[in-house]
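Novice: need a structure here:
(one chain, ligands or ions: 1)
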Amino acid sequence: MDFKQLFKQISPEELGGAFNVFTLMGFFLVTAGKIEHYNSMVCSGGAIGLHFKKPAVWCIFQSARYTLELIQKEKTYTLSWFPDEYKKQLLFLGSKSGRDSEKMKEIKLTSIQTPCANMSFEEAKLIIECSLTQITTANADDFYSQESKDYLKEAYKDPKEIRKYVFGQITNIWIKK
Ligand SMILES: Cc1cc2nc3c(=O)[nH]c(=O)nc-3n(C[C@H](O)[C@H](O)[C@H](O)COP(=O)(O)O)c2cc1C
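Specialist: Model (predicted):
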């Protein structure tokens, strides 16, 4: 189906009126890549706000995520939110890596291309398109609570667990018509 038949564009200023950003950032899908090859994973945590005066989102990725690799390659990505009935499908995308599985072929969601050729799904109720602006590594020494320091020091014994803070400028926001 044509993207603009399903979704209408809203401004960043309208987002807070339509959705609670604290609830939003608790559970969502991140998708990177183009129609020929794309990949999605579940994320929890992050923020929507302003970064260098521009509407932005940031999320935390473990460095081994295949989706992160595609974000770095393409420099664009989408964040998508779904009605509760799709929770099982989202959890599936958070259960194995697209690097060594065919999860994007197995998933029971209908992929759709945005007008900017980014990927999301027809079933989404909200899609935020982003352009990559910054990736920062979270170092344990930069944290000021002992709990965070201890948590990261333990996690970082495995290099795949290194946390990357990924910032993206919001380029478009779409909600289901
Ligand atoms: C509820 C839930 C929340 C998750 N949140 C994150 C997260 O914030 N950051 C992260 O790197 N991985 C998170 N994951 C794990 C990834 O979604 C999971 O490892 C996924 O298989 C990675 O896929 P990929 O390698 O194809 O990108 C979460 C998983 C679940 C089930």
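Novice: and the chain, which of its residues are near the ligand?
Specialist: Counting by CB under 6 Å from any ligand atom, the residues of the chain lying close to the ligand are 27, 39, 41-45, 60-62, 65-67, 91, 94-99. No exception for glycine: its C-beta is placed from N, CA and C like everyone else's.
Novice: mind checking which of these are buried?
Specialist: Burial by neighbour count, 16 or more other CB atoms under 10 Å: within these this picks out F27, N39, M41, V42, C43, F61, R65, Y66, T67, G98.
Novice: among the residues of the chain next to the ligand, which are in strands?
Specialist: Taking DSSP state E as the definition of strands, the residues of the chain next to the ligand contribute N39, M41, V42, C43, I60, F61, Q62.
Novice: the last one: what's it in contact with?
Specialist: Residues counted as contacts of Q62 (CB atoms under 8 Å, 6 or more residues apart in numbering) are L68, K160, E161, I162, R163, K164.
Novice: tell me the secondary structure for Y151?
Specialist: Classification of Y151 using DSSP: H, G, I helix; E, B strand; the rest coil returns helix.
Novice: and the gap between it and the ligand?
Specialist: Distance, Y151 to the ligand, by CB to the nearest ligand atom, to the nearest Å: 14 Å.
Novice: next one: the helix or strand harbouring K73 to chain centre, how far?
Specialist: With the criterion set as DSSP states H and E, the secondary-structure element containing K73 is helix 66-74. Its chain's C-alpha centre lies 11 Å from the corresponding centre of helix 66-74 when counted by CA atoms, centre = their mean, to the nearest Å.
Novice: list the buried ones in it?
Specialist: When neighbours are counted by 16+ other CB under 10 Å, the buried residues of helix 66-74 are found to be Y66, T67, L68, E69, L70, I71, E74.
Novice: reformat the residues you listed as CSV; add pLDDT.
Specialist: Converted to CSV, the buried residues of helix 66-74 look like this (pLDDT from 0 to 100):
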residue, pLDDT
Y66, 98
T67, 98
L68, 98
E69, 98
L70, 98
I71, 98
E74, 98
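Novice: farthest pair within these?
Specialist: Comparing every pair within the buried residues of helix 66-74 by CB to CB identifies Y66 and E74 as the most remote, at 12.6 Å.
Novice: tell me the angle of the longest strand along the chain relative to helix 66-74?
Specialist: Counting by DSSP E, the longest strand found in the chain is strand 163-176. Relative orientation of strand 163-176 and helix 66-74, computed by axes from the mean of the first three to the mean of the last three CA atoms, to 10 degrees: 80 degrees.
Novice: CA atoms of strand 163-176 as CSV?
Specialist: Provided in CSV are the C-alpha atoms of strand 163-176 (Å, rounded to 0.1, in the frame of the first residue of the first chain):
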residue,chain,number,x,y,z
ARG,A,163,27.3,0.5,25.0
LYS,A,164,27.0,3.0,22.1
TYR,A,165,24.8,6.1,22.6
VAL,A,166,23.4,6.8,19.1
PHE,A,167,22.0,10.2,18.3
GLY,A,168,19.8,10.9,15.3
GLN,A,169,18.3,14.1,14.0
ILE,A,170,14.5,13.6,13.5
THR,A,171,13.8,14.1,9.8
ASN,A,172,10.2,13.0,9.6
ILE,A,173,7.4,11.9,12.0
TRP,A,174,4.5,9.8,10.7
ILE,A,175,1.4,8.7,12.5
LYS,A,176,-1.3,6.2,11.3
